[in-house]
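In: Here is the input, now give the coordinates:
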Amino acid sequence: MPDDYVHAPLMARDSTGPEIARAWEELVPGSAGLLLHDYHDQLVHKRRIERAYVRLAFFGPILGFIVVLSFLGTAAWLIYEGHGIEGTFLGTVDIASLAAVFVLGLQQRSAPSASVRTPAGSDEGTFRPELKTG
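Out: Take a look at the predicted model:
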């Protein structure tokens, strides 16, 4: 690396927030404000997604229960009307699907998260631009 390049503390772990903001502001005037605005927008978006996830987590099982009951009711009606094979098939498929969803849901909850996380002491994924001085 040439001597006229320096290592900027823009995303270094040993730098504080104000140091990072000052470094970006020196590079591009007005960039610290833009970065804060973008960070705020990301937080708002993340909150919206989390609220939608909570709503889905609440209403999903309720809607699934309604669907299961409607299929079981239809299977019982088919058997009552003399369509024993069709009703039994529909009821069996309904119960098997319900069991599969339950088992897969348990497996997903017990499996480790698929998101990739870097160790605390690692520099992987850290942006460290080189600035030309001089």
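
In: Toward the C-terminus, what is the element adjacent to the longest helix along the chain?
Out: Of all segments of type helix in the chain, defined using DSSP state H, the longest is helix 31-80. Next in sequence after helix 31-80, counting helices and strands by DSSP states H and E, comes helix 84-110.

In: quick revisit: what's the longest helix of the chain packed up against?
Out: helix 17-27, helix 84-110 (3 or more Cβ pairs under 8 Å, 6 or more residues apart in numbering; DSSP states H and E). (Each C-beta comes from the backbone N, C-alpha and C, glycine too.)

In: Show me where the chain dips below the pLDDT cut-off.
Out: Scanning the chain with the threshold set as pLDDT under 70 gives 1-16, 111-134.

In: Report back the residue of it that's furthest from centre.
Out: Most distant from the centre of the chain: Gly82, at 48.0 Å, with distances by Cα atoms, centre = their mean.
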